[in-house]
Structure formats: structure tokens, C-alpha cells
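K.L.:
Any chance you could fold what I've pasted below:
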Amino acid sequence: MNIRHMEFFIEICKEKSTSKASKNLHISQQGLSKAIKSLENEIGFPLFDRTTNGLVITEYGKQFKDHAMVILNEYQLMHQQIRLLSNNKKKSLYLGYAEGIFYMLPKNFISQFMLDYPDINIILKRYQDKECENAVLSKEVDLAFTTSPIIHSELKTLLKFRSEVYAVINKEHPLAAKESITINDLKRERIIALNTDTKCSLTLNTLNSLGIEPKLFINPSELNIQFDLCSANMAIGFYSGNPEHLPQNLLLKPVTNFKVSDEYVVITLNETPVTDTMNYLMESLINSVNSGFSNNEKNRD
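P.N.:
You can find the predicted model right below:
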């Protein structure tokens with residue numbers, strides 16, 4: 001017996017009208033009538049009397065309704081318990097991440113991870129890079145994907161990546177045609193850098209030590225603003241992430257005598273055991289970051 005047909009029957013009993021029931025059920029009146037007729041044929045008795053005043057439930061229909069309600073309640077309870085069991089079997093992983101750090105990874109990293117590991121429920125929480133350590137210390141998150149250096153000795157590093165910083169230049173910019181860019185070239189340009197409210201300050205400090213004063217400052221979460229300005233050929237920025245995020249009209253260019261790298265780490269508490277769930281995430285991060293580094297090399301000019 002079709003459970004859905006039982007639900008149709010109960011809806012008609014509630015509304016006392018096939019037209020209203022069909023609207024509620026998002027089914028045509030013809031389809032609804034066909035479903036009820038199928039039920040009646042299966043039972044061998046009429047469920048409704050068709051009168052000039054509409055449908056009137058029969059004695060057989062009343063008996064069937066009592067049993068149908070029990071069956072439907074049990075059916076719904078079964079589904080709830082199965083969903084609850086499924087949710088309880090899912091392993092949850094709370095991951096804190098520093099603003100802008102997912103530029104290190106492919107655009108589809110999270111969705112792909114969820115597809116690869118459907119039994120892992122990953123909960124993401126964003127922080128400024130300086131706050132990631134506190135989030136792990138307070139156990140708001142199990143892990144944090146953030147930037148170096150790590151200050152607190154209560155934390156351990158599970159993974160560490162280093163990525164070279166390149167200049168971000170519009171392909172139509174005169175410097176794009178040069179085999180190499182020098183520091184002197186940059187002194188004549190409007191430069192974008194991350195502001196001082198971040199641990200990723202090595203690029204800014206190095207620029208300042210070389211006599212270059214950036215004119216524009218952004219937060220790590222605002223790299224899209226840098227990309228927009230570079231795309232408009234209004235500035236030159238710096239970037240150490242996955243080039244997949246770059247607009248098509250931009251390229252990465254190494255700068256002579258400007259050897260700066262950003263370091264990214266995954267941290268957790270010293271006392272926290274490394275679970276299989278964490279290892280799955282670590283493996284995915286390694287593969288994604290290594291792929292990004294490979295693409296980085298390919299996108300250098």
C-alpha cells in the first residue's frame with residue numbers, strides 16, 4: 001500500500017475537499033482522485049461517498065482513517081529515528097580559520113571535502129589571525145588554520161606550509177612585459193599591502209626596509225579589493241595564495257631581491273589527540289595546498 005496515497009487520503013479528510021487538498025499537496029485534482037481510487041480498489045470498499053455537496057467519508061473510510069493515522073505516525077517516527085541515528089554517527093569537526101586564508105586553497109575546497117567525507121560535519125568559524133590561537137585555547141574550535149608565528153606554548157602545530165609572495169600585476173601594465181621586476185620599479189607605483197592588524201606583516205616590513213611605502217592598506221579578508229584595483233590597473237599588490245582566485249587579466253611576478261614568504265599552520269591544543277577526522281582534513285589540506293603551489297609556479301611570468 002502506498003504511504004503517499006494514505007497521506008493524500010488524510011489531507012482530503014482534513015480539508016473535506018479535493019480542490020483544497022490538491023492545492024496543499026501540490027498535485028492535480030485528477031491525480032489526487034486517481035490515487036484515492038487506487039486505494040479504494042486495493043481495500044475493496046469506497047472511502048468516500050460522492051454527493052452533490054462534496055465528499056462524505058464512509059464507515060469504511062472512518063475505519064481506514066484510524067489505522068492510516070497510526071501507520072503514518074509510525075512511519076514519521078521511523079524516519080525521525082533514522083535521521084537521528086544518522087546525525088549521531090556524523091563526526092563533527094570545528095575548524096577556526098584566519099580571515100583570507102582560504103585564498104590558499106582551491107575555491108571548491110570545502111564542498112569537495114564534504115563530498116569526499118559525507119560522514120564528517122565540518123563547522124567553520126572565522127577569526128582575525130591574531131584571535132585564532134585564543135579560539136583553540138578556549139576550545140571554541142578543535143583546530144585552527146592560521147598564520148605564523150604561534151605564540152602560546154599550549155598549542156602544537158600539525159601542519160606547516162610556506163608560500164612565496166609575488167607581485168600581482170595587470171597583464172596590460174608596462175611592468176608585465178619585463179623579464180623581471182626590481183625594487184626600483186616598484187618605487188614608482190601605487191602599492192597595496194596588508195594593514196598592521198595582522199600577523200602577515202613581513203611583506204610590509206620588507207617593503208618599508210627597501211624604501212617603499214604602500215599607499216593602500218587592506219585586511220586579509222579584503223583581497224578581492226586588491227584584485228579589483230589591480231584589474232583596473234590602478235595599483236600593484238602582493239599575494240601568496242592559490243592563483244585560481246586571481247582574475248584572468250592578472251599575473252604573478254617575482255621581484256628581484258624580494259624574497260618574502262608567508263607561513264601558514266594548522267594548530268590544536270597539545271592535549272588534543274589527533275583523530276582520524278583530523279587526519280582526513282590534514283590530508284585534504286596538504287593535497288590542496290600542494291596543488292596551489294604547483295599552480296602558483298605555472299602562473300608566474
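
K.L.:
quick one: the helices in this structure?
P.N.:
Applying DSSP state H to the chain gives helices spanning 3-15, 18-25, 29-43, 59-89, 109-116, 132-137, 183-186, 202-209, 223-231, 276-298.

K.L.:
Most tightly packed of those?
P.N.:
helix 132-137 (a mean of 21; mean count of other Cβ atoms under 10 Å). (Each C-beta comes from the backbone N, C-alpha and C, glycine too.)

K.L.:
Export that one to CSV, keeping only CA atoms.
P.N.:
Taking C-alpha atoms only, helix 132-137 is exported to CSV below (Å, rounded to 0.1, in the frame of the first residue of the first chain):
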residue,chain,number,x,y,z
CYS,A,132,42.8,32.0,16.1
GLU,A,133,45.1,30.9,19.0
ASN,A,134,42.6,32.1,21.6
ALA,A,135,39.8,30.2,19.8
VAL,A,136,41.8,27.0,20.1
LEU,A,137,42.8,27.7,23.7
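
K.L.:
Residue 163 and residue 262 touch, don't they?
P.N.:
Yes: when contacts are counted by Cβ atoms under 8 Å, residue 163 is listed as touching residue 262 (5.5 Å).

K.L.:
re earlier: so which of the helices of the chain gets nearest residue 253?
P.N.:
Nearest of these to residue 253, taken as Cβ to Cβ: helix 183-186 at 9.8 Å.

K.L.:
Check the model's average confidence along that closest one for me.
P.N.:
Taken as a whole, helix 183-186 has a mean pLDDT of 92.

K.L.:
Residue 282: what's it in contact with?
P.N.:
By Cβ atoms under 8 Å, 6 or more residues apart in numbering, the contact list for residue 282 reads 158, 159, 266.

K.L.:
Surely the first one touches residue 278?
P.N.:
Yes: in this structure, residue 158 is within contact of residue 278 by Cβ under 8 Å, at 7.3 Å.

K.L.:
Find the residues that touch each one of these two.
P.N.:
143, 268.

K.L.:
so the closest residue to residue 141 other than its chain neighbours bridges to which residues?
P.N.:
Among residues not flanking residue 141 along the chain, residue 96 sits closest, at 3.7 Å (Cβ to Cβ, 6 or more residues apart in numbering). Residue 96 has the following beta-bridge partners by DSSP bridges: residue 125, residue 144.

K.L.:
Quick test: name the residue nearest the centre of the protein.
P.N.:
Most central in the chain under Cα atoms, centre = their mean is residue 110, positioned 4.6 Å from the mean C-alpha point.

K.L.:
picking that back up, Serialize the contacts of residue 282 to TSV and add fields for neighbour count and distance to residue 122.
P.N.:
Shown next, in TSV, are the contacts of residue 282 (neighbours: other Cβ atoms under 10 Å; distance: Cβ to Cβ, whole Å):
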residue	neighbour count	distance to residue 122
158	18	16
159	16	16
266	21	14
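
K.L.:
Which single one of these is nearest to residue 2?
P.N.:
Nearest to residue 2 among the contacts of residue 282, counting by Cβ to Cβ, is residue 266 at 51.1 Å.

K.L.:
I'd guessed that closest one sits against residue 284; true?
P.N.:
No: judged on Cβ under 8 Å, residue 266 makes no contact with residue 284 at a distance of 11.2 Å.

K.L.:
re the thing from before, any shared contact partners between residue 163 and residue 262?
P.N.:
The contact sets of residue 163 and residue 262 overlap at residue 240 (Cβ under 8 Å, 6+ apart).

K.L.:
So which of the two has more stuff around it?
P.N.:
Ranked by neighbour count (other Cβ atoms under 10 Å), residue 163 and residue 262 place residue 262 first, with 22 against 18.

K.L.:
how close does the residue found closest to residue 12 once you drop the neighbours it is linked to in the chain get to residue 3?
P.N.:
Among residues not flanking residue 12 along the chain, residue 21 sits closest, at 4.6 Å (Cβ to Cβ, 6+ apart). According to Cβ to Cβ, to the nearest Å, residue 21 and residue 3 sit 16 Å apart.

K.L.:
now swap in residue 161 and tell me
P.N.:
52 Å.

K.L.:
Next one: the residue of the chain positioned farthest from its centre from residue 263, what distance?
P.N.:
In the chain, the residue that sits farthest from the middle, by Cα atoms, centre = their mean, is residue 52; the gap is 57.0 Å. From residue 52 across to residue 263, the span is 82 Å (Cβ to Cβ).

K.L.:
swap in residue 279?
P.N.:
Noted for residue 279: a distance of 22 Å to residue 263, by Cβ to Cβ.

K.L.:
okay, the contacts of residue 282 in TSV with distance to residue 236 next?
P.N.:
Below are the contacts of residue 282 laid out as TSV (distance: Cβ to Cβ, whole Å):
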residue	distance to residue 236
158	35
159	31
266	31
